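In: What follows is a predicted protein model with its sequence.
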Amino acid sequence: MAAPEDSGANRSEPVRMTAWVRGHVQGVGFRWWTRARALELGLTGWARNTADGRVEVVAEGARDLCDRLLAALRSGRTPGTVDQVVDQWGPVKGVEGFIER
């Protein structure tokens, strides 16, 4: 899902991206890998396992950097196997660091 403000007008505005990643993504180092990519991009947030087998990724930072993380999640070069990524965008809530939950 693209954010309503996704006109490309200001790709450096801070946003909050939430992605739910479905596939074989638990117990394979996926959260660690996601954290490493997010830290390389200077994003804040977390990656956590959900009870239904997905991984929830929340990242805050510039829209273009969040887009890069989302592209990495969909790249096919992650640990495990990603079958689907559903994303949602919103305003930042102000989290610090990037942790595995």
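Out: Thanks, I have the structure now.
In: Do you have the strands of the protein handy? List them.
Out: Remark: strands assigned in the chain by DSSP state E are 14-24, 44-49, 55-62, 81-90, 98-100.
In: Among these, show me which one is buried the most.
Out: strand 55-62 (a mean of 22; mean count of other CB atoms under 10 Å). Quick note: C-beta positions are derived from backbone N, CA and C, even for glycine.
In: close enough to count as contact, residue 48 and residue 55?
Out: Yes - contact criterion CB atoms under 8 Å: residue 48 and residue 55 qualify, at 7.0 Å.
In: Tell me the residues that contact both of those two, please.
Out: Counting by CB atoms under 8 Å, 6 or more residues apart in numbering, the common neighbours of residue 48 and residue 55 are residue 31.
In: chain center to stretch 25-37, what's the gap?
Out: 11 Å (CA atoms, centre = their mean, to the nearest Å).
In: List of residues touching stretch 43-51?
Out: 16, 20, 26, 30-31, 34-35, 38, 55-61, 65-66, 69, 95-101.
In: Quick one: residues contacting residue 42.
Out: By CB under 8 Å, 6+ apart, the contact set of residue 42 is 61, 65.
In: And it, how far from residue 88?
Out: Going from residue 42 to residue 88 by CB to CB, to the nearest Å gives 21 Å.
In: Let me see the mean pLDDT of stretch 58-71.
Out: Throughout stretch 58-71, pLDDT has a mean value of 97.
In: For the helix-or-strand element of the chain with minimal mean pLDDT, which strands pair with it and how are they oriented?
Out: When each helix and strand of the chain is scored by mean pLDDT, DSSP states H and E, strand 98-100 comes last, with a mean of 95. Partners of strand 98-100 in the sheet, by DSSP bridges, are strand 44-49 (parallel).
In: roughly how far out does the strand it pairs with sit from the chain middle?
Out: For strand 44-49, the distance to the chain centre is 8 Å (CA atoms, centre = their mean).
In: I'm done for today, thanks for sticking with me.
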